[in-house]
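In: 3D, please:
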Amino acid sequence: MLLSCGYATAQDRPREAREPTQGLARPVDNAMRDIRVQVVPVISATIGAPMAGRLNEFPLRDGDRFQKGQLIAKFACGEREGSLAHARALLDAKRRIFSNKQQLRSLGTSTGLEYDVAAAEMNEAAADVATNTAMVEHCTVTAPFSGRVAAVMGHPYQFMGLGSPMLDILSDRELELEMIVPSRWLAWLKPGAKFDVVIDETGKTYGAEVTRLSGRVDPISRSIKVYGRLPIAPDDLLSGMSGRALLAPPAGER
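Out: Here you go, the predicted model:
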């Protein structure tokens with residue numbers, strides 16, 4: 001379909017240009033300009049090791065899909081788990097001592113200093129529990145969003161250093177289009193404009209829409225990056241695919 005810019009009426013356009021096209025190739029109007037476009041994920045991340053240690057569980061492989069909250073890595077953490085159990089036991093003992101001092105104080109058989117010391121020791125033990133709990137939480141890594149694995153840099157039973165990359169992940173259901181167009185097109189190319197994109201890898205044409213424009217024009221190339229989206233991300237589209245955006249400048253523009 002032609003880019004909607006308000007310069008041509010629906011009657012002036014070819015009928016096939018007004019009909020939605022999803023996965024169907026068709027001849028391109030000579031007035032259209034081909035702009036290279038790339039499919040990129042809206043959300044992507046490199047998951048690094050939150051601690052130094054050996055991987056006990058590392059279930060995902062390249063291309064696997066996963067759900068938000070799913071386990072993606074688990075480290076051997078016997079020492080940290082033992083420290084947490086010790087801290088919890090100590091906190092339980094300090095709570096009992098504090099409770100006893102509280103009762104004695106109400107009976108007038110304990111000094112205020114003994115009560116304050118018992119309270120401080122209980123709070124110190126609670127802080128140790130919180131610290132050890134946070135350390136144990138680093139032993140397990142879960143997916144921050146639903147998506148797909150794009151690269152794997154670790155293996156089960158491998159020792160990982162703190163911050164070492166383990167996985168590249170991306171959301172394959174939230175894809176957008178990136179393209180670079182002449183900056184002079186800013187006079188007519190606006191968010192909401194409809195266009196078609198032909199993806200090389202699939203050979204299909206998909207309807208798309210401009211969502212936003214970059215906040216900076218490249219002064220050397222006199223170009224600007226433009227972003228678009230597909231109303232529904234087809235199952236056959238993958239991040240990294242590329243193709244041509246079919247854009248038709250208004251009469252008198254180039």
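In: What is the neighbour count of the closest residue to residue 77 other than its chain neighbours?
Out: The shortest distance from residue 77 to any residue that is not its chain neighbour, by C-beta to C-beta, 6 or more residues apart in numbering, is 3.6 Å, and that residue is residue 139. From N, CA and C alone the C-beta is placed, and that goes for glycine too. Counted by other C-beta atoms under 10 Å, the residues lying close to residue 139 total 18.
In: these two touch, right, residue 139 and residue 74?
Out: Yes - with contact taken as C-beta atoms under 8 Å, residue 139 and residue 74 are classed as touching, separated by 6.5 Å.
In: so what's in contact with the two at the same time?
Out: Residues touching both residue 139 and residue 74 (C-beta atoms under 8 Å, 6 or more residues apart in numbering): none.
In: what pairs with residue 53 across the strands?
Out: Assessed by DSSP bridges, residue 53 has beta-bridge partners residue 160.
In: ok, now how distant is it from residue 220?
Out: The gap separating residue 53 from residue 220 is 48 Å, by C-beta to C-beta, to the nearest Å.
In: Which one's more surrounded, the two?
Out: Set side by side, residue 53 and residue 220 show unequal neighbour counts under other C-beta under 10 Å, the larger going to residue 53 at 18 against 6.
In: how far out from the middle of the chain is the host helix or strand of residue 179?
Out: Here residue 179, judged by DSSP states H and E, is contained in strand 175-182. Here strand 175-182 is found 19 Å from its chain centre; the criterion is C-alpha atoms, centre = their mean, to the nearest Å.
In: Next secondary structure after that strand?
Out: Toward the C-terminus from strand 175-182 - assigned by DSSP H and E - lies strand 194-199.
In: so that next one versus strand 175-182, what angle?
Out: Counting by axes from the mean of the first three to the mean of the last three C-alpha atoms, to 10 degrees, strand 194-199 points 100 degrees away from the direction of strand 175-182.
In: List the contacts of residue 139.
Out: Residue 139 makes contact with 51, 53, 74-77, 80-81, according to C-beta under 8 Å, 6+ apart.
In: What backbone torsions are found at it?
Out: Dihedral pair for residue 139: phi -70, psi -20, per degrees, to the nearest 10.
In: Residue 167 versus that one, what's the distance?
Out: As defined by C-beta to C-beta, residue 139 lies at a distance of 16 Å from residue 167.
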